[in-house]
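In: Structural data only, the sequence is not supplied:
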């Protein structure tokens, strides 16, 4: 319990106790949200897992706006889902949840660009989204302050317009990975300093041109991994970078199957990868698997999502941007 001086009213004691419980929440909860199932039906479901154990996902609540192809990021207490494609097309909605509780998402504000296939990452204060598509590719980077509500603010630009790339972060640096550019898939990685604003700087390269890895990138505070995707065909590869350095990826291991459009989250040293699309559009998966991000090796079965889902997004209360 925090140490406060003076006489507390009962309501004040309750509020301090509630805040203390949230501040000290064990960083082991991951959420998977949205996407579409094997029949192409848009999903509004939010599910959660306890990342320190294994098992199937549990119902959390529902999205305000059912969506796929969204970016997701979080502080230790609040999760954000931004942009994507809903029932009426591409949208600019930002919605949020409180990770420690369960329940439906709430409206946060809007991103300036109505976009899907967008990459996102965060530290404990600021969430960033970059690129995406409105029908035309975007190079814009925008940010929000996670613990407030409101519309996004301009941050800077990617080196070129692209979509379907992924994002990951440490507490200070965020990295955009791969995607589709104007002339096809790219192997580009570039980074920004999250606390400042400005354009990206070159980081290095993936092992090959790769797209559809939007939510398939995740990190602890030291290492980022890039999972699956499409590189002229679906791949099962996992590659890693050391975020504080710059340079090309190194081989990490393999997923249990070839997939793209997965959602990957990290709590502490465990990275969990959920859902995704296999051989064709009807091959949505309910797989959840995990790796120890501090080592290398192949993924191991964790459990299952309640539905087969692809183009979903994921977030956690213990990722690399939080320390």
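Out: Here it is on my side, so go on. Remember, it's a predicted structure, so these values are computed and weren't measured experimentally.
In: so residue 155 sits right up against residue 141, yeah?
Out: Yes: checked against Cβ atoms under 8 Å, the pair residue 155 and residue 141 is within contact range at 4.2 Å. Backbone N, C-alpha and C define where each C-beta goes, glycine included.
In: Mutual contacts of those two, please.
Out: Shared contacts of residue 155 and residue 141 (Cβ atoms under 8 Å, 6 or more residues apart in numbering): 128, 130, 192.
In: Spatially nearest residue to the second one (excluding sequence neighbours)?
Out: For residue 130, ignoring the flanking residues on the chain, the nearest one in space by Cβ to Cβ, 6 or more residues apart in numbering is residue 141 at 4.2 Å.
In: Mind telling me what element that neighbour is part of?
Out: strand 140-145 (DSSP states H and E).
In: quick one: residue 299 from residue 203, how far?
Out: 24 Å (Cβ to Cβ, to the nearest Å).
In: In the protein, what helix or strand scores lowest on average pLDDT?
Out: helix 10-23 (a mean of 38; mean pLDDT, DSSP states H and E).
In: pLDDT weak spots in this structure?
Out: 1-26 (pLDDT under 70).
In: hey, what's the residue positioned nearest the centre of it bridged with?
Out: Centroid check for the chain by Cα atoms, centre = their mean gives residue 72 as the closest residue, at 4.2 Å. Beta-bridge pairing for residue 72 (DSSP bridges): residue 81.
In: which ones are touching it?
Out: Taking Cβ under 8 Å, 6+ apart as the test, what residue 72 contacts is 31, 33, 79-82, 120, 215, 263, 313-315.
In: Residue 158 too?
Out: Neighbours of residue 158 in contact, by Cβ under 8 Å, 6+ apart: 130-131, 139-141, 176, 190, 199-200.
In: how close does the nearest residue to it once chain neighbours are set aside get to residue 212?
Out: Distances taken as Cβ to Cβ, 6+ apart place residue 139 nearest to residue 158, at 4.4 Å, with adjacent residues excluded. Computed with Cβ to Cβ, the distance linking residue 139 and residue 212 is 19 Å.
In: Neighbour count: the two, which is higher?
Out: Comparing residue 139 with residue 212 by neighbour count (other Cβ atoms under 10 Å), the higher total belongs to residue 212, at 29 against 17.
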